Each structure stands twice: as structure tokens, then as C-alpha cells.
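Q: Output the structure for:
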Amino acid sequence: MIFNWLSVVAGFFYLLLGIVVIIYKFFVIFLEPNVAYPLGGLFILYGAFRIVRAIYRIREQRNEE
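A: Numbers count the residues shown, from 1 in each chain. Sure thing, here's the model as predicted:
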């Protein structure tokens with residue numbers, strides 16, 4: 001159960017990281033806009049995927065009990 005909640009928190013951090021990459025165009029090094037936007041978008045998509053998957057697993061575990 002704790003793993004699922006940590007997955008939700010990690011997902012929010014990935015969402016935040018994606019937004020930061022898009023706004024500041026920085027990830028370890030300064031990025032060109034044509035690299036920053038797709039990279040930020042990938043981080044946002046992955047964060048959303050982690051959150052949705054964790055919420056699905058949390059609901060499944062609650063239904064089993």
C-alpha cells in the first residue's frame with residue numbers, strides 16, 4: 001500500500017519536473033526549446049501514467065478487502 005502512495009508522490013514530482021523543464025528549458029544543462037518541450041512533455045506524460053496506475057492499484061486493493 002505504501003508503494004502505491006509513493007508512486008503517486010513520484011508521479012507528482014515528474015509532473016512538476018516536466019513543467020519546470022518546459023518553463024525554464026533546463027535539465028542538468030540548458031536546453032534548446034525544440035528539446036525542452038518534448039522532454040518536458042514526456043516527463044508530464046510519465047508522471048500522469050504513474051499517478052493513474054497507482055490510483056488504479058489503490059482502488060483494486062480497497063475492493064479486495
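Q: Show me which positions of stretch 16-28 end up buried.
A: Of all the residues in stretch 16-28, those buried under the rule 16 or more other C-beta atoms under 10 Å are 17, 18, 21, 22, 25, 27. Yep, even glycine has a C-beta here, placed from its N, CA and C like the rest.
Q: try stretch 43-60
A: For stretch 43-60, by 16+ other C-beta under 10 Å, it's 43, 44, 46, 47, 50, 51, 54.
Q: Not counting sequence-adjacent ones, nearest residue to the residue most central in space within the chain?
A: Central residue of the chain (C-alpha atoms, centre = their mean): residue 47, 1.6 Å from the mean position. Excluding the flanking residues, the one nearest residue 47 by C-beta to C-beta, 6 or more residues apart in numbering is residue 14, at 3.1 Å.
Q: Enumerate every residue touching that neighbour.
A: 43, 44, 46, 47, 50 (C-beta atoms under 8 Å, 6 or more residues apart in numbering).
Q: repeat that with 10 Å
A: Contacts for residue 14 (C-beta atoms under 10 Å, 6 or more residues apart in numbering) come out as 42, 43, 44, 45, 46, 47, 48, 49, 50, 51.
Q: any idea of the mean pLDDT in the helix ranked longest in the chain?
A: Assignment by DSSP state H gives helix 33-64 as the longest helix of the chain. Averaged over helix 33-64, pLDDT sits at 95.
Q: same question, stretch 15-24
A: Rounded mean pLDDT across stretch 15-24 is 96.
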